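1. Below is the sequence, then the predicted model.
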Amino acid sequence: MDYPGRRVLLVDNGPDGALSWSPRPPARLLSPGRNLGYCPGVNLGMAEALAGGADYVLLLNNDVRLAPGFLTPLVEALEDVPTAGSAGPLVLDPDGRIWGAGGNFAFGPSVTRLRGHGRRPGKVHGFPRAVDYHTGACVLHRAEALAAAGPLDE
């Protein structure tokens, strides 16, 4: 990541609490020593980040591959829209199709739907675009929004 002033906190939510590698500074490792589950693990990391004075908190799954420079546009999107609580990237499947471009609530057989799921990226999926939610695969939250919303429902 090329974003200046970042701090990286890794939550090792594995069953044995031991990563097969050690993070290099400025990264820090937080290990509860057991698998807490998704929401408790995320809550642990968010609480630590907020207590440390973070302005933004990035949630990122361990199987996501990132493009160089991915963080700067997300921060800029939040700085450009002061009322936005989060920003998320276009997430692609390995074959290049859209896995998700945020999501919206809908009425019908499914209450939620990922924008663009299964389609090829194109102009119709331009950014920035308001969405009802972002997935936990990769999302940057404004710290004030996280503090106001509270932890994830475990």
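-> Arrived safely. Numbers count the residues shown, from 1 in each chain.
2. Count the neighbours of Ala149 for me.
-> Applying other CB atoms under 10 Å, we find 12 residues neighbouring Ala149. The C-beta positions use only the backbone N, C-alpha and C, and glycine is treated the same way.
3. residues in contact with it?
-> Counting by CB atoms under 8 Å, 6 or more residues apart in numbering, Ala149 makes contact with Gly85.
4. what pLDDT does it get?
-> Model confidence at Ala149, given as pLDDT, is 93.
5. how far does the top helix by length along the chain sit from the chain's center?
-> Longest helix in the chain by number of residues (criterion: DSSP state H): helix 38-51. Helix 38-51 has its C-alpha centroid displaced from the chain centroid by 12 Å (CA atoms, centre = their mean, to the nearest Å).
6. Beyond that helix, next helix or strand please.
-> Remark: after helix 38-51, the chain's next helix or strand is strand 56-60, criterion DSSP states H and E.
7. Per-residue confidence, the nearest residue to Leu152 once chain neighbours are set aside, what does it come out as?
-> Using CB to CB, 6 or more residues apart in numbering and skipping residues adjacent in sequence, the residue nearest Leu152 is Cys39, 4.2 Å away. Cys39 carries a pLDDT value of 90.
8. correct me, but Cys39 touches Leu59?
-> No. Using CB atoms under 8 Å, Cys39 is not in contact with Leu59; the gap is 11.1 Å.
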